[in-house]
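Visitor: all I have is the shape, not the residue letters:
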């Protein structure tokens with residue numbers, strides 16, 4: 001997530017005061033019930049792309065990926081949007097982008113991009129994604145996708161059907177040769193049934209990190225390490241093992257003075273019977289991202305930090321496995337590291353084919369539902385099953401669920417009768 005809250009405001013090159021301080025002015029493109037524009041088939045032409053938000057993730061990952069595909073004749077970056085006029089001018093000048101805007105809706109009307117990549121804070125994702133979809137553009141949105149399941153379902157309601165447009169989430173760890181090879185082995189049961197799994201995102205963030213005003217707050221960051229850090233490894237685990245069925249979790253606020261948690265642990269059961277442990281932490285000086293899956297005939301393990309290649313994967317066969325079979329499991333083929341580029345490459349192919357891309361729809365929702373269930377279980381001391389968090393459940397519209405000790409005081413005070421969930425377990429964790 002970028003460090004600069006790049007929000008649409010007013011048009012370039014002659015900026016005017018934003019219609020609403022700190023945000024974009026909704027137009028007919030974003031209003032419920034507005035007519036939905038249909039995606040215009042590409043017919044082989046390059047994808048016309050626009051970047052919304054010009055912070056670090058846009059500069060370091062999105063623009064380089066778009067530029068690489070532009071060299072291959074597959075994309076063309078036509079515009080960028082940021083609430084900061086100077087930032088968007090500099091971004092466009094350095095990236096060779098012809099049109100700079102501070103108004104998202106005006107950019108959508110004037111440039112009619114095929115694809116909008118969203119690199120802004122999570123609280124802006126729903127409004128900006130809906131606006132782009134209703135303008136007929138596909139969306140590639142940074143994680144976390146949106147703050148709640150209610151927001152995600154609203155975005156999906158704005159998406160197209162048939163040939164799009166669709167909204168896809170940046171989950172680049174699903175892509176690359178390593179994850180593709182292991183996914184195939186697991187799907188084919190080549191190593192036998194998956195039985196036990198471990199999913200670990202143990203990172204370190206100090207007090208200076210949380211001194212940034214929007215960090216550690218439900219309304220601006222969306223959640224703690226389960227939502228903002230561990231979401232990538234949890235998504236990859238779901239991609240490899242398939243649907244989950246139930247979760248039991250704990251969360252703590254052990255070091256940092258924040259609204260959200262700074263560590264969580266969970267036990268997850270999958271529909272295929274596999275059992276997994278999940279740990280998300282920002283308290284761990286020895287930083288690592290790890291997934292381990294023990295199958296009947298082999299253990300497969302991924303150890304990395306922010307991205308992986310073939311060398312980060314290891315397959316350890318059981319003693320009874322023939323050497324030639326183990327060698328086939330260990331043959332990952334040409335090394336294609338996980339990256340924004342690899343996901344974007346597949347997304348552009350999906351756009352040309354007019355098919356729903358990976359990391360969209362139910363695939364993307366499953367991870368957000370697991371995180372919502374993790375928080376509900378941790379804050380209310382119950383086992384949560386897949387599918388139980390829906391309209392009427394306080395965790396459907398807020399990841400803190402209105403639980404005293406976790407929810408902001410204003411959220412607890414403003415809760416409607418029946419919305420508030422109490423939990424002595426949550427209070428014990430807060431005091432730890």
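Guide: Everything's here; your move. Worth saying up front: this structure is predicted, and the values here are computed from it rather than measured.
Visitor: list the contacts of residue 207.
Guide: Applying Cβ atoms under 8 Å, 6 or more residues apart in numbering to residue 207 gives the contacts residue 256. The way it works is simple: take the backbone N, C-alpha and C, and place the C-beta from them, glycine included.
Visitor: okay, which residue is most central for the chain?
Guide: In the chain, the centroid-proximal residue (Cα atoms, centre = their mean) is residue 143; its distance is 2.7 Å.
Visitor: state the distance from that one to residue 244.
Guide: Residue 143 sits 18 Å away from residue 244, taking Cβ to Cβ, to the nearest Å as the criterion.
Visitor: and what of residue 58?
Guide: Per Cβ to Cβ, residue 58 is found 32 Å from residue 244.
Visitor: of the two, who's got more company?
Guide: residue 58 (27 against 24; other Cβ atoms under 10 Å).
Visitor: identify the residue nearest the more buried one in space, chain neighbours excluded?
Guide: Nearest non-adjacent residue to residue 58, counting by Cβ to Cβ, 6 or more residues apart in numbering: residue 119, 4.0 Å away.
Visitor: for that neighbour, give me the pLDDT.
Guide: Here, the pLDDT recorded for residue 119 equals 98.
Visitor: ditto for residue 144
Guide: At residue 144, the predicted lDDT confidence score is 90.
Visitor: who's in contact with it?
Guide: Residue 144 touches 1, 122, 125, 222-223, 227-228, 231, 368, counting by Cβ under 8 Å, 6+ apart.
Visitor: go again with 6 Å.
Guide: 122, 222, 227, 231 (Cβ atoms under 6 Å, 6 or more residues apart in numbering).
Visitor: again with residue 234
Guide: Contact partners of residue 234, counting by Cβ under 6 Å, 6+ apart, are residue 367.
Visitor: can I assume it sits in a strand?
Guide: No - Residue 234 is assigned helix when assessed by DSSP: H, G, I helix; E, B strand; the rest coil, not a strand.
Visitor: per-residue confidence for it?
Guide: Residue 234 is assigned 98 on the pLDDT scale.
Visitor: give the buried residues for the helix or strand hosting residue 92.
Guide: Assigned by DSSP states H and E, residue 92 falls within helix 85-95. If you call a residue buried by 16 or more other Cβ atoms under 10 Å, then helix 85-95 has these buried ones: 85, 87-89, 91-92, 95.
Visitor: now do that helix: which elements does it pack against?
Guide: Counting contacts by 3 or more Cβ pairs under 6 Å, 6 or more residues apart in numbering; DSSP states H and E, helix 85-95 packs against strand 75-81, strand 99-101.
Visitor: what's the closest of those strands to residue 317?
Guide: Proximity to residue 317 (Cβ to Cβ) singles out strand 75-81 among the helices and strands packed on helix 85-95, at 41.6 Å.
Visitor: touching that closest one from outside, list them.
Guide: Contacts for strand 75-81 (Cβ under 6 Å, 6+ apart): 8, 46-52, 54, 66, 69, 88, 91-92, 97, 99-101, 104, 107, 111.
Visitor: want to throw the helices and strands packed on helix 85-95 into JSON lines with distance to residue 377, mean pLDDT and mean neighbour count?
Guide: JSON lines is the format used below for the helices and strands packed on helix 85-95 (distance: least, Cβ to Cβ, whole Å; pLDDT from 0 to 100; neighbours: other Cβ atoms under 10 Å):
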{"stretch": "strand 75-81", "distance to residue 377": "38", "mean pLDDT": "98", "mean neighbour count": "25"}
{"stretch": "strand 99-101", "distance to residue 377": "43", "mean pLDDT": "98", "mean neighbour count": "23"}
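Visitor: which SSE is residue 362 in?
Guide: Short version, using DSSP H and E: residue 362 is in helix 361-380.
Visitor: ok, residues contacting whichever helix or strand comes after that helix?
Guide: Going down the chain from helix 361-380, the next helix or strand is strand 384-385, by DSSP H and E. The contact list for strand 384-385, computed with Cβ under 6 Å, 6+ apart, reads 246-247, 373, 376-377.
Visitor: again, only this time at 10 Å
Guide: Here strand 384-385 makes contact (Cβ atoms under 10 Å, 6 or more residues apart in numbering) with 244-249, 266, 269, 369-370, 372-378, 393, 395.
Visitor: now the residue lying closest to residue 338 once chain neighbours are set aside: how far from residue 142?
Guide: Distance criterion Cβ to Cβ, 6+ apart; nearest residue to residue 338, sequence neighbours excluded, is residue 176 at 3.8 Å. Going from residue 176 to residue 142 by Cβ to Cβ gives 18 Å.
Visitor: with residue 79 instead?
Guide: According to Cβ to Cβ, residue 79 and residue 142 sit 18 Å apart.
Visitor: same check on residue 240?
Guide: Residue 240 sits 22 Å away from residue 142, taking Cβ to Cβ as the criterion.
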